[in-house]
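Trainee: I'd like to go over a predicted model; first the sequence, then the structure.
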Amino acid sequence: MVAMSTRHILLGLLAGGPSHGYDLKRRHDERFPQARPLAYGQVYTTLQRLVRDGLAEVDGTDSDGGPERTLYRSTDDGAKELVAWTGEITPPAPFVTNEIFAKVVCAILASADPARYLSTQRAAHMARMRELTAVKTAPGADLATVLSADYALNHLDADLRWMTTTAARLTTLTAEVDGA
Amino acid sequence: MSSTPMSSTPMSSTQKTVPVLAARGLTKTHGRTQALRGASVELRPGEILAVTGTSGSGKSTLLHCLAGIVRPDEGSVVYAEQRLDQLPEQRLSELRRTEFGVVFQFGQLIPELTALDNVALPLLLAGASRKDSHERAGEWLERFGVRGQEELRPGEMSGGQAQRVSLARALITGPKVVFADEPTGALDSLASEGVMAALAHTARESGTAVLLVTHDAQVAAYADREVELRDGVVVSGADAVVEMFR
C-alpha cells in the first residue's frame, strides 16, 4: 500500500517539469485552493527526502534576477512512484472518526441534547455550503476552485444527510422510550 | 408589463426588511393528512429563500398556499398588503399571471409548442404582439443559456434545457416572486447546477424574490437563507417572522 503524503503531491507538481520550492508551494496552493496552504519548511524538507530516496534530484539553480534557488526534477523512480500512487485504491473510510459523530454519541451518553446540537450543526453546514456555492459560481472561477468546492460540498452534503437521518432516529427512539 | 431584464438595484435596509410575502400560522389538511400545522414564513424582496425538509414535511403544500394555488384552512398569507387567502379566485389568477412565476419539477411546458412559443406565451396571453413577445422570449432564452433551441419542442430537449426554458417562461413577465418546486428534482447533478446557477444569477440581477422548495442541500445552498419544515411546522429560521408578528 502506498500511503498518501505531501511527497506525492510534490511529485505530481514536478511531473510538469523542474521547479523550485517557492514555485511548488505557490502552485500547490493554486491547485488545491480550499486545502490548508503548504508551509515553506514542509516543502523543503519533503524535497530533501525525495532526493534522499532517489525520487527527485537537483536540476541546477535558477536566480531569475533574485536570490539563487535550487531547481528540482522528478527521477524515473519518482515518476513510477507517482503513477503507482495515482492508481492505488484508497481504502473507503476504514475507520469512522468524525467529530460530529463523536459529539452525538457523547451527547447521548451524557444525556445532553444531541438533537439541538444536530440542528445548530446543520445550520453551520448550510452556511458553509452557501459560501462554497458562491465561490464556485463566481465569475471567472477556475477549474481547480470548482473541483475543490464540489468535493467539499459533496462531503458536507453527506454529513447533512447523516445528521438528518440521525435526528429522525433520535426522534423515533425518544417517542418509543416515552411511550413505553 | 415589465419584461425586459433589469439591472441590479441596491435596496435600502428598510426595503430589505419588509417582506414581499409573509405567511403566519398556516394549517392545511389533505384528507386525513395534516400537511401544515401552523407554518410561518416570510420572503424578503430580492432574496432567494430555500424551504427544505424531507418528503411529506409539507414543503409543496406551503409553496402552493404562498402562491395562492391552494387556500390554507387557517392562517394568513399577505402579499403586497393583500390577504391572498381571502382574495377571490379571479384576482388570484391575475396575480399568478402577472406578478408570480411558477416552476415545478417537471417544467409543464406545452408539448406542442416550440421553446420560443412556450416562453412567449405569458406575454401573448397578456396581449403583447407576437413579434414583441418572440423578441423578448429570445432574449430570455439567451439569459438562460438556451439560445439556439428556439424551434425545439419539449420532447426534443434534455431535462436541463427544458427547465431553463421553464425558468425563462416564469421570469419573462418580470414577476415579483418566483415559486420553484423542486426545479432540479429530475436532473443529474451537472444539469442541476446549470439550472440553479442560471436561476440564482438571473433572480439576483433582476431583484426577483425566489421561494425555492427542495430536499437537496446542494440546491438549497444557492439560496440566501433557508428554513426547514418538519411535520408541517417551520423548525428553523423562523425568528424573523415571530418578531414581525409581535
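Mentor: Cool, the structure landed.
Trainee: Now the phi/psi pair for the spatially most central residue of chain A, please.
Mentor: Central residue of chain A (Cα atoms, centre = their mean): A:Ala35, 5.5 Å from the mean position. Main-chain torsions, A:Ala35, degrees, to the nearest 10: phi -80, psi 170.
Trainee: what's near enough to touch the residue nearest to it when sequence neighbours are not counted?
Mentor: Spatial nearest neighbour of A:Ala35, excluding adjacent residues (Cβ to Cβ, 6 or more residues apart in numbering or on different chains): A:Ser148 at 7.1 Å. Glycine gets a C-beta too; all of them are placed from N, C-alpha and C. Contacts for A:Ser148 (Cβ atoms under 8 Å, 6 or more residues apart in numbering or on different chains) come out as A:Phe32, A:Pro33, A:Gln34, A:Ala35.
Trainee: how about 10 Å then?
Mentor: Contact partners of A:Ser148, counting by Cβ atoms under 10 Å, 6 or more residues apart in numbering or on different chains, are A:Arg31, A:Phe32, A:Pro33, A:Gln34, A:Ala35, A:Leu132, A:Val135, A:Lys136.
Trainee: What's the PyMOL line that selects buried ones from those residues?
Mentor: Buried residues among these (16 or more other Cβ atoms under 10 Å in any protein chain shown), as a PyMOL selection:
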select buried, chain A and resi 31+32+33+132+135+136
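Trainee: and the two most separated of the contacts of A:Ser148?
Mentor: A:Arg31 and A:Leu132 (17.3 Å; Cβ to Cβ).
Trainee: To what extent is the residue of chain B found nearest chain A buried, counted in neighbours?
Mentor: Going by Cβ to the nearest Cβ, chain A is nearest to B:Ala221 of chain B, at 3.8 Å. Each residue near B:Ala221 was counted by other Cβ atoms under 10 Å in any protein chain shown, and the total is 28.
Trainee: Check A:Val51 too.
Mentor: A:Val51: 16 surrounding residues under other Cβ under 10 Å.
Trainee: Secondary structure element holding the closest residue to it other than its chain neighbours?
Mentor: Of all residues not flanking A:Val51 in the chain, A:Glu57 sits nearest, at 6.1 Å (Cβ to Cβ, 6+ apart). Assigned by DSSP states H and E, A:Glu57 belongs to strand A:56-62.
Trainee: What score does residue 178 have for pLDDT?
Mentor: Going with chain A. A:Asp178 carries a pLDDT value of 68.
Trainee: that's the other chain; I wanted chain B
Mentor: 95.
Trainee: residue contacts, it?
Mentor: Per Cβ under 10 Å, 6+ apart, neighbours of B:Val178: B:48, B:67, B:100-103, B:167, B:170-171, B:199, B:202-203, B:206, B:208-212.
Trainee: Phi first, then psi, for B:Thr52.
Mentor: phi -110, psi 170.
Trainee: Who does it form a beta bridge with?
Mentor: B:Glu228 (DSSP bridges).
Trainee: Spit out the contact partners of it.
Mentor: B:Thr52 makes contacts with A:122, A:126, A:160, A:164, B:59, B:212-217, B:219-220, B:223, B:226-230, B:236-237, as judged by Cβ under 10 Å, 6+ apart.
Trainee: Distance check, it against A:Ala110.
Mentor: Here the distance between B:Thr52 and A:Ala110 works out to 29 Å (Cβ to Cβ, to the nearest Å).
Trainee: Now do the SS call for the residue nearest to A:Ala35.
Mentor: Of the three states, A:Ser148 takes helix under DSSP: H, G, I helix; E, B strand; the rest coil.
Trainee: pLDDT score assigned to the residue of chain A found nearest chain B?
Mentor: The minimum distance from chain A to chain B, using Cβ to the nearest Cβ, falls at A:Met129 (3.8 Å). At A:Met129, the pLDDT value in this model is 95.
Trainee: I'd guessed it sits against A:Leu153; true?
Mentor: Yes - the criterion here is Cβ atoms under 10 Å, and A:Met129 meets it with A:Leu153 at 5.8 Å.
Trainee: Any chance you could list residues touching both of those two?
Mentor: B:Ala217, B:Gln218, B:Ala221.
Trainee: about what we covered before: isn't the residue of chain B closest to chain A right next to B:Ser192, touching?
Mentor: No - the criterion here is Cβ under 10 Å, and B:Ala221 misses it with B:Ser192 at 11.5 Å.
Trainee: Distance check, the residue of chain B closest to chain A against B:Ala197.
Mentor: Using Cβ to Cβ, we find B:Ala221 at a distance of 11 Å from B:Ala197.
Trainee: which residues do these two both contact?
Mentor: In contact with both B:Ala221 and B:Ala197: A:Thr133, A:Lys136, A:Thr137, using Cβ under 10 Å, 6+ apart.
Trainee: what about the last one, how many neighbours?
Mentor: This means A:Thr137. 17.
Trainee: strands paired with the strand holding A:Glu57, and their directions?
Mentor: strand A:69-74 (antiparallel).
Trainee: Show which residues not belonging to the strand it pairs with make contact with it.
Mentor: For strand A:69-74, the external contacting residues (Cβ under 10 Å, 6+ apart) are A:10-24, A:43-44, A:47-48, A:50-51, A:55-63, A:78, A:80-82.
Trainee: which among these end up buried?
Mentor: Buried among these (16+ other Cβ under 10 Å): A:10-14, A:18-21, A:23-24, A:43-44, A:47, A:50-51, A:55-56, A:59, A:78, A:81-82.
Trainee: from the residues you listed, which ones fall inside helices?
Mentor: A:10-14, A:21, A:23-24, A:43-44, A:47, A:50-51, A:78, A:81-82 (DSSP state H).
Trainee: list the contacts for the most centrally placed residue in chain B?
Mentor: For chain B, the residue nearest the mean C-alpha position is B:Phe179 (1.5 Å; Cα atoms, centre = their mean). With contact set as Cβ under 10 Å, 6+ apart, B:Phe179 has these partners: B:21, B:43, B:63-64, B:66-69, B:96, B:100-104, B:170, B:209-213.
Trainee: Next: B:Ile69.
Mentor: B:Ile69 makes contacts with B:Ser60, B:Thr61, B:Leu63, B:Leu92, B:Arg96, B:Phe100, B:Val102, B:Phe179, B:Asp181, as judged by Cβ under 10 Å, 6+ apart.
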